[in-house]
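*Asks:* Predicted model and sequence follow; I will ask about them next.
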Amino acid sequence: MATQGSGQSQAQFNIVGEGTVFEGTLRAESNVNVSGRVVGKLIVNGRAVISKNGVVEGELRATNAAIGGTIEGEVYVDERLELESSAHVDGSIQTDRLVVEEGAVFTGSCKMGDAVQGKAVTKDDTSSKKKAASPSGSESKDTSKDASTRTPETSGAKK
């Protein structure tokens, strides 16, 4: 559901509708609204909105997020995470800023502020895209060093 325009990915809003179950990794370069269920990873380079009936079982990574539904797993947000009064989060949260409305339920651990810089999806995705887009040659040697220090997932591939 994109609005017409030249390359404005934030104008697009992706929807996982009520009654829909998505299993696997869902990556979006723009905003996502979940009213259904996502089982796996939800990676959003934009704002993720988990509505009151929405459920994420797994991992949520986003630039910004508003949770009104249920999250069972890990939440990584670059900037601002909002837990609405109907939110239920069971897992860990890492975000720069956290807003919790009265009535929200959170069970788990939370890290906030400067201690979590560089943990959310947008920086990792940007590095991955640059690595994939770089020409082969001397630059590939440098990006492989970056890949070994970026995340535990990529460091597991290093021998």
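*Replies:* Received the coordinates, thanks.
*Asks:* Low-confidence stretches in the protein?
*Replies:* Across the chain, residues meeting the criterion (pLDDT under 70) sit at 1-11, 115-159.
*Asks:* in it, which spans are helices?
*Replies:* Per DSSP state H, the chain carries helices over the ranges 121-133, 138-150, 152-155.
*Asks:* where exactly do the strands run in this protein?
*Replies:* Using DSSP state E, the strands of the chain run over 13-16, 21-28, 31-34, 37-50, 55-67, 70-83, 88-90, 93-100, 105-107, 110-112.
*Asks:* With mean neighbour count added, can I get those in CSV?
*Replies:* The way it works is simple: take the backbone N, C-alpha and C, and place the C-beta from them, glycine included. Shown next, in CSV, are these (neighbours: other CB atoms under 10 Å):
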stretch, mean neighbour count
strand 13-16, 18
strand 21-28, 14
strand 31-34, 23
strand 37-50, 23
strand 55-67, 23
strand 70-83, 22
strand 88-90, 18
strand 93-100, 18
strand 105-107, 13
strand 110-112, 14
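*Asks:* need the contact list for the nearest residue to E18 once chain neighbours are set aside.
*Replies:* In space, and not counting its chain neighbours, E18 is closest to S35: 4.3 Å by CB to CB, 6 or more residues apart in numbering. S35 makes contact with I15, V16, G17, E18, T20, S51, N53, G54, according to CB atoms under 8 Å, 6 or more residues apart in numbering.
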